[in-house]
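Peer 1: fold the following, please.
(chains A and B)
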Amino acid sequence: AQKITQTQPGMFVQEKEAVTLDCTYDTSDPSYGLFWYKQPSSGEMIFLIYQGSYDQQNATEGRYSLNFQKARKSANLVISASQLGDSAMYFCAMRSYNNNDMRFGAGTRLTVKP
Amino acid sequence: NAGVTQTPKFRILKIGQSMTLQCTQDMNHNYMYWYRQDPGMGLKLIYYSVGAGITDKGEVPNGYNVSRSTTEDFPLRLELAAPSQTSVYFCASSAATGTPGETQYFGPGTRLLVL
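Peer 2: The predicted model follows:
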């Protein structure tokens, strides 16, 4: 069975600094995808970044990058130059190639301090 | 292009009542999903559909039913509401690209309270 673990219930970061949100996963499927979503206080789910299990390079999208360590089964999200608007819940999720079941972690609440 | 829309935004049900949560997407996506998010938790998949007429169970299907008669619509039915179904319900859709990287686009959610 697939499992996603986010061990940081809450994180604080100073504005303009970088922050890393941890995510580890467990799966026996060789082909899978890892996702990060942002959920602001308004409640909507916003897609941030995707990493495929066979991708050779770590994914980047603007200020977001994914530190993918396949052997350690970790897919940490790095946010550079934090902004006040980055304050939100962040969810890591995984979906295997042979399964439409997307599994989400419990989330990390990020607070950016001015 | 509205994306994924959900109605209602908020609903209070009494125990034992029934209701249908509506979900519509205008992106011509084949795949559609229903999730629930309990307070302080991540999303859990209830049901999904890979096309009109095809549905399948997710991680937490008990107490729910779905149908998919058109590409655009994917309603979620609660037959006998229970307090354990108090949650925020999200509908999502994605294109059928056949890869794990299909991005799911989420609706704004429906907040349901069962008393």
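Peer 1: ok, A:Gln2 - how many residues close by?
Peer 2: Neighbourhood size, A:Gln2 [other C-beta atoms under 10 Å in any protein chain shown]: 18. All C-beta spots, glycine's among them, are computed from the backbone N, C-alpha and C.
Peer 1: how near is B:Leu43 to A:Gln14?
Peer 2: Here B:Leu43 is placed at a distance of 30 Å from A:Gln14 (C-beta to C-beta, to the nearest Å).
Peer 1: so between those two, which is more surrounded?
Peer 2: Each of B:Leu43 and A:Gln14 has its neighbours counted (other C-beta under 10 Å); B:Leu43 has more, 29 against 11.
Peer 1: who are the contact partners of that one?
Peer 2: A:Met45, A:Phe91, A:Ala93, A:Met102, A:Phe104, B:Tyr35, B:Arg36, B:Gln37, B:Phe90 (C-beta atoms under 8 Å, 6 or more residues apart in numbering or on different chains).
Peer 1: keep only those of those that are in strands.
Peer 2: Taking DSSP state E as the definition of strands, the contacts of B:Leu43 contribute A:Phe91, A:Ala93, A:Phe104, B:Tyr35, B:Arg36, B:Gln37, B:Phe90.
Peer 1: so what's the nearest residue to the third one once chain neighbours are set aside up against?
Peer 2: It stands for A:Phe104. On the basis of C-beta to C-beta, 6 or more residues apart in numbering or on different chains, the spatially nearest residue to A:Phe104 that is not a chain neighbour turns out to be B:Gly42, at 3.3 Å. Listed by C-beta under 8 Å, 6+ apart, the contact partners of B:Gly42 are A:Ile4, A:Gln6, A:Phe91, A:Ala93, A:Phe104, A:Gly105, A:Ala106, A:Gly107.
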